[in-house]
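Visitor: for reference, the sequence and a predicted model appear below.
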Amino acid sequence: MDVPAIRFVAYSDYLCPWCYNVSVRLQRLERECEDVEVAWRSYLLRPQPGRRRDLERFRAYTQSWLRPGAEPDAGEFRVWQGDAGPPSHSLPPHLVAKAAARVSDEAFRRLHERLLHAYFAENRDVTERATLEELWREAELPPERFAESEDPALLDAVLSEHREALDLGATGVPSVRLADADTLITGALPYASYLRWALRTRERRAEAASDASRS
């Protein structure tokens, strides 16, 4: 009896500290549950660059990262140091992540993790073009493919995913749903909650498959 894979869709932003925690937890879920797959989609907390923010105020804001950093199964966070930033807007890292996805699923995953860690743990401005190119090289992706991040089709894809999340009722991120359902759960749940969600989904699908085989 074949039971289909459990596919989660996660809407996330690279400037969101809680999204970093959910990324850590969902990656753990994929490692520990072979039938779980996660598709990452774009959500733009800062869709466009606004007036340049004051660096000192931004440093003060990053003190708030200590709260998600203190949770179990958290990413690595450091209060902002150095003179980089503040980040301009959400779009640049999403475009580069989409370009990595064109290379391969594994390339996307490497860059996805690298973007989050670089921003929250290393205090690097992941909205700055030169930094994004450095991260691309550090993820050992083909140098000649980086320019694809400027393809207008990728911009359309990012904006389409953002609109999809809004249409489904997302009021923020992280927001997660099953791929075959429209109900979103917004907020960074503990790892145990995602595991229960996966196990209950597996049980329901196994029961449905068993019923179908008997009919």
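Guide: Perfect, thanks for sending it.

Visitor: wait, Ala99 sits on Leu154?
Guide: Yes. Using CB atoms under 8 Å, Ala99 makes contact with Leu154 at a distance of 6.3 Å. Where C-beta positions appear, they are placed from N, C-alpha and C, glycine not excepted.

Visitor: ok, Pro190 - contacts?
Guide: Applying CB atoms under 8 Å, 6 or more residues apart in numbering, one finds that Pro190 lies in contact with Arg25, Glu71, Pro72, Asp73.

Visitor: of the residues you listed, just say which sits nearest to Arg200.
Guide: Of all the contacts of Pro190, Arg25 has the smallest distance to Arg200: 16.6 Å, by CB to CB.

Visitor: any idea how far that closest one is from Leu45?
Guide: Distance of Arg25 to Leu45, given as CB to CB, to the nearest Å: 20 Å.

Visitor: show me what contacts Pro93?
Guide: Pro93 neighbours (CB under 8 Å, 6+ apart): Tyr14, Leu15, Leu115, Tyr119, Val126, Thr127, Leu132.

Visitor: in which helix or strand would I find it?
Guide: Per DSSP states H and E, Pro93 falls inside helix 91-103.

Visitor: now do Arg110
Guide: Judged by DSSP H and E, Arg110 forms part of helix 105-120.

Visitor: isn't Gly75 right up against Leu26?
Guide: No. Under the criterion of CB under 8 Å, Gly75 makes no contact with Leu26, lying 11.9 Å away.

Visitor: more neighbours: which of Ala99 and Leu154?
Guide: Ala99 (23 against 20; other CB atoms under 10 Å).

Visitor: where do the strands sit along the protein?
Guide: For the chain, the strands defined by DSSP state E cover 6-12, 36-42, 175-178, 185-186.
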